[in-house]
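Engineer: next input, structure requested:
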Amino acid sequence: MIDVLWLPGTGFSSGPDGISAEFGRRLDPTRFRFRVLRYPASYGGFAPSYADSREAGMAELITAVSKAPGRVVVGGYSQGAGIAGDLAEGSGRVFDGKVVACALISDPSRPPGAGMPGRPVASGYGISGARGSMSVPTWWAAAEGDPITALPEGNPLRSIADMSEYFSFQSPGDAHRWMESLADRCRRNAWQRWWSPENWRTWGGAMAYARGYLVDGKHTTDYLLHGHAQALAETVNREVRS
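Structural biologist: Below you'll find the predicted structure:
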């Protein structure tokens, strides 16, 4: 039995969101054990910052991989996909073959052209930038128009990812750390180039992508209505050998 260690999306700290649950239901239960891990799954405000939530999620995932009795597949949705993808980038060096594959839904660091067999590839790439090469076979479910994982280069929405990583008012210290992180980005010139003149033509599309996220279900219901979550589970069933 192969454990599928899964991190759900933002706001689901103690159980799976609907998209994650659908993915888990479509896995072959005779070969895979779907395990949803708990972590803050927060995005700042008066909760832990996105960066702190990711750090806690990574610690939980590393522990779960280490304690798993056999081979594992790691994965997640949205914030959880970002964490699982980061682990999968270096898992071959750390876990010596224990992590055999990675499955990601709406990865905020999806590289351009990344997808899964037999499905159309979404345009753009992740709102946080594009991750590097993976150390294990990895498949991405990406809905066209989802700004978290399929955002055009230069879209101004990328500034949200750059500015909000450490955003939190949970304590005065957290607020101070957020301001320090912005100052550090300025010193290092570590901003995605949404402001560059060659990218001005994409500014007009920012509102459309924001609407896709907030109103049109591009980041949520599209993954169910268009079969993306189901197709990713079927890919895992087919590609991961017992």
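
Engineer: now do the residue nearest to residue 76 when sequence neighbours are not counted, the pLDDT please.
Structural biologist: Counting by Cβ to Cβ, 6 or more residues apart in numbering, the nearest residue to residue 76 once its immediate chain neighbours are dropped is residue 7, at 3.6 Å. In this view, the C-beta of every residue, glycine as well, is placed from N, C-alpha and C. Note on residue 7: pLDDT of 96.

Engineer: tally up the residues packed near residue 7, please.
Structural biologist: Residue neighbour count, defined by other Cβ atoms under 10 Å, stands at 30 for residue 7.

Engineer: how about residue 5, phi and psi?
Structural biologist: In terms of degrees, to the nearest 10, the main-chain angles of residue 5 are phi -90, psi 120.

Engineer: distance check, it against residue 35.
Structural biologist: For residue 5, the distance to residue 35 equals 6 Å [Cβ to Cβ, to the nearest Å].

Engineer: so for those two, which sits in the more crowded spot?
Structural biologist: More neighbours surround residue 5 than the other of residue 5 and residue 35, with 23 against 13 (other Cβ under 10 Å).

Engineer: domain ranges for this structure?
Structural biologist: When the chain is parsed with automatic domain parsing, its domains come out as 2-151+216-239, 158-212.

Engineer: please identify the most buried of these.
Structural biologist: domain 2-151+216-239 (a mean of 20; mean count of other Cβ atoms under 10 Å).

Engineer: chain center to that domain, what's the gap?
Structural biologist: Centroid separation between domain 2-151+216-239 and its chain, computed with Cα atoms, centre = their mean, to the nearest Å, is 6 Å.

Engineer: run through the protein and note the low-pLDDT ranges.
Structural biologist: Of all residues in the chain, those with pLDDT under 70 make up the ranges 12-14, 43-47, 91-93, 159-215.

Engineer: helix, strand, or coil at residue 117?
Structural biologist: Classification of residue 117 by DSSP: H, G, I helix; E, B strand; the rest coil places it in coil.

Engineer: next one: the spatially closest residue to it that is not a sequence neighbour relative to residue 38, how far apart?
Structural biologist: The spatially closest residue to residue 117, leaving aside those adjacent along the chain, is residue 235, at 6.4 Å (Cβ to Cβ, 6+ apart). In this structure, residue 235 lies at 26 Å from residue 38, with Cβ to Cβ as the measure.

Engineer: now the helices: where do they sit in the chain?
Structural biologist: For the chain, helices defined by DSSP state H occupy the ranges 18-26, 50-67, 79-94, 158-164, 172-188, 206-214, 222-225, 228-239.

Engineer: give me the angle between the longest one and helix 79-94.
Structural biologist: Same thing as helix 50-67. 50 degrees (axes from the mean of the first three to the mean of the last three Cα atoms, to 10 degrees).
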